[in-house]
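Q: below is the structure, and that's it, no one-letter string:
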Ligand code: F6P
């Protein structure tokens, strides 16, 4: 148990406040203050956050900020930016912010400025990308590269996939981008079935270069390639590059370390999309667009670091997540982008949020007595409306929503954007205000049907509004959620940067792999369920 947080006066004040506010409807709150929609909103670095449709009043944010101050949030933020080893359980600094710092910045890790290394890798990536994109990097038969296959998983896949989709508008259309992550061979086969190996570049993306899914897919890619180039090993150098922190393992795999793009142990996997792990992104959109994305990240970093807490977007969003998680006991948050380019953003956020804050042990090694990381999920806007929004509107659970919307489309055609934006505005309005039984009745609805057609409302949401999707905005959005996650972890006193929870499954899988072979002679010594499933698998072979 970690009594400090929940027995603090700041926590108690929030509990009391929650009891005061829980019965108040957003309808009343808006009626009471006609300027609420303008007042409970904040704009920073071109992102407008309307948080007025949350179950808060004029005191709530102040009370949440008191809690943040009681755990020294500003000092914890500085500790991250300054390279302190805030990833306690792994003894590492956490410096994804250094990946997007300008060339003349200085960030010290163990007394050494890491910024020159960061930019040296970015420059090397840029030079490589220029060659591939311009067709001057030739495959071993002299043909330019037309296909890029990124092989990676978790942070070595989700960020690149999401960014490729998000920036597709800016991409070079004659380069085919594919992503292989699942160890299910189907993923590899379907991604490569129509590719000409002599025009294909494989990117093996793995921070550790030991992840079994990625190493298995990488080996299959190597075999696939060699089988199609008459076993010509020397051709590998023109068709395989690696993104990793582990030069030794890269060399052992057979990739020349000249063809390796490096990053460092102070970059967490789920915080790595703007490091060398972003090579596929840079190949797709080019170095200039990639740097624009980095500039957007950096702008949000600066905003987070320097803006007073009450005007600070990641702080406000992080504290609202704590408010819903710990006081309203909400279990999930839906992230609902109304822009097709952000279709993989919710999937990307799942790793960022849940691998970071899915912890029940505090940094002091004690068990929490409060809930931590919420479940994040979502789909692009209007698709979700015809799928799961029913439950958000009329289900029994409270699901805070983050709507993300843009004023202008990158593909303006007819009335599409007006219809899209009308929908996002309508959804947050409907969730907040609902429709009373009286309103339903006044429409002449049969009495028995009224309860079915009534909407309670009082369902909270944030709306993030920006002018148009762009590389800069993508960087800002990702950094916004990264920092919001950190704010939550500081309040909860957990290490947002380790991921021990994924280890046990990995270890057990390693043990089971040889046991699946029917000729394996030793006795199975798992539980009776696992033993039986193994036997059945064997029988199917
Ligand atoms: O799932 C655990 C994890 O370590 C993630 O944190 C990471 O993003 C992923 O595996 C892939 O790791 P790597 O890049 O080392 O292959």
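A: Arrived safely. Model, not experiment: these values are computed from the prediction.
Q: going by C-alpha atoms from here, please, whenever you check contacts or count neighbours.
A: Noted.
Q: and the pLDDT at the residue nearest the centre of the chain?
A: Central residue of the chain (Cα atoms, centre = their mean): residue 349, 2.6 Å from the mean position. At residue 349, the model reports a pLDDT of 98.
Q: can you give me phi and psi for it?
A: phi -70, psi -20 (degrees, to the nearest 10).
Q: for it, which non-adjacent residue is spatially closest?
A: Once flanking residues are discounted, residue 349 sits nearest to residue 376: 7.0 Å by Cα to Cα, 6 or more residues apart in numbering.
Q: report the beta-bridge partners for that neighbour.
A: Assessed by DSSP bridges, residue 376 has beta-bridge partners residue 333.
Q: okay, now it: neighbour count?
A: Residues near residue 376, counting by other Cα atoms under 10 Å, number 20.
Q: so what's residue 340 up against?
A: residue 380 (Cα atoms under 8 Å, 6 or more residues apart in numbering).
Q: how near is it to residue 144?
A: Distance, residue 340 to residue 144, using Cα to Cα, to the nearest Å: 31 Å.
Q: now residue 427
A: Distance from residue 427 to residue 144, by Cα to Cα: 48 Å.
Q: how long is stretch 73-90 end to end?
A: 21 Å.
Q: mind listing what's buried in it?
A: Neighbour counts using 16 or more other Cα atoms under 10 Å place 73-74, 76-77, 80-88 of stretch 73-90 among the buried residues.
Q: rebuild those as CSV, extending it with secondary structure, distance to residue 249 and pLDDT.
A: Compiled in CSV, the buried residues of stretch 73-90 are given as follows (DSSP: H, G, I helix; E, B strand; the rest coil; distance: Cα to Cα, whole Å; pLDDT from 0 to 100):
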residue, secondary structure, distance to residue 249, pLDDT
73, helix, 39, 98
74, helix, 39, 98
76, helix, 35, 98
77, helix, 34, 98
80, helix, 29, 98
81, helix, 30, 98
82, coil, 30, 97
83, coil, 27, 97
84, coil, 28, 97
85, coil, 25, 97
86, coil, 27, 98
87, strand, 24, 98
88, helix, 26, 98
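Q: farthest-apart pair in the residues you listed, please.
A: 74 and 88 (18.3 Å; Cα to Cα).
Q: which pLDDT value belongs to residue 53?
A: For residue 53, pLDDT reads 98.
Q: ok, it - how many residues close by?
A: Going by other Cα under 10 Å, the residues that sit close to residue 53 add up to 26.
Q: so the one residue in the stretch 51-200 of the chain that gets nearest to the ligand: helix, strand or coil?
A: Per Cα to the nearest ligand atom, residue 155 is where the stretch 51-200 of the chain lies closest to the ligand, at 3.4 Å. Secondary structure for residue 155, judged by DSSP: H, G, I helix; E, B strand; the rest coil, is helix.
Q: which ones are touching it?
A: Here residue 155 is in contact with 269, 270, 271, 272, 273, 351 (Cα under 8 Å, 6+ apart).
Q: what about the second one, distance to residue 207?
A: I take that to be residue 270. On the measure of Cα to Cα, residue 270 and residue 207 end up 10 Å apart.
Q: quick revisit: can I get the contacts of residue 155 in a markdown table with neighbour count, distance to residue 437 and secondary structure?
A: Shown next, in a markdown table, are these (neighbours: other Cα atoms under 10 Å; distance: Cα to Cα, whole Å; DSSP: H, G, I helix; E, B strand; the rest coil):
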| residue | neighbour count | distance to residue 437 | secondary structure |
| --- | --- | --- | --- |
| 269 | 26 | 50 | helix |
| 270 | 23 | 46 | helix |
| 271 | 25 | 47 | helix |
| 272 | 23 | 50 | coil |
| 273 | 27 | 49 | coil |
| 351 | 20 | 41 | helix |
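Q: could you pick out which of the residues you listed are near the ligand?
A: 269, 270 (Cα under 6 Å from any ligand atom).
Q: with the contacts of residue 155 in mind, which one is nearest to the ligand?
A: Once Cα to the nearest ligand atom is applied, the member of those that ends up nearest the ligand is residue 269, at 3.9 Å.
Q: which residues in the stretch 51-200 of the chain form helices?
A: 60-70, 73-81, 96-99, 115-134, 158-166, 185-192 (DSSP state H, counting those that start in this stretch).
Q: which among the ones you listed is found nearest to residue 355?
A: Comparing the helices of the stretch 51-200 of the chain under Cα to Cα, the one sitting nearest is helix 158-166, at 12.6 Å.
Q: who does that closest one touch, helix- and strand-wise?
A: Applying 3 or more Cα pairs under 8 Å, 6 or more residues apart in numbering; DSSP states H and E, one finds that helix 158-166 contacts helix 279-285, helix 345-350.
Q: find me the pLDDT at the residue of the stretch 51-200 of the chain closest to the ligand, would you?
A: 98.
Q: check residue 508 too.
A: Reading off the model, residue 508 has pLDDT 96.
Q: can you get me a residue count around it?
A: So residue 508, with other Cα under 10 Å, has 11 neighbours.
Q: tell me which residues are up against the strand or helix carrying it.
A: Using DSSP states H and E, residue 508 sits within helix 503-515. Residues from elsewhere that reach helix 503-515, judged by Cα under 8 Å, 6+ apart: 520, 524, 534.
Q: can you report phi and psi for the last one?
A: In other words, residue 534. phi -60, psi -50.
Q: before we move on, the earlier item: of all the helices and strands packed on helix 158-166, which one is nearest the ligand?
A: helix 345-350 (10.9 Å).
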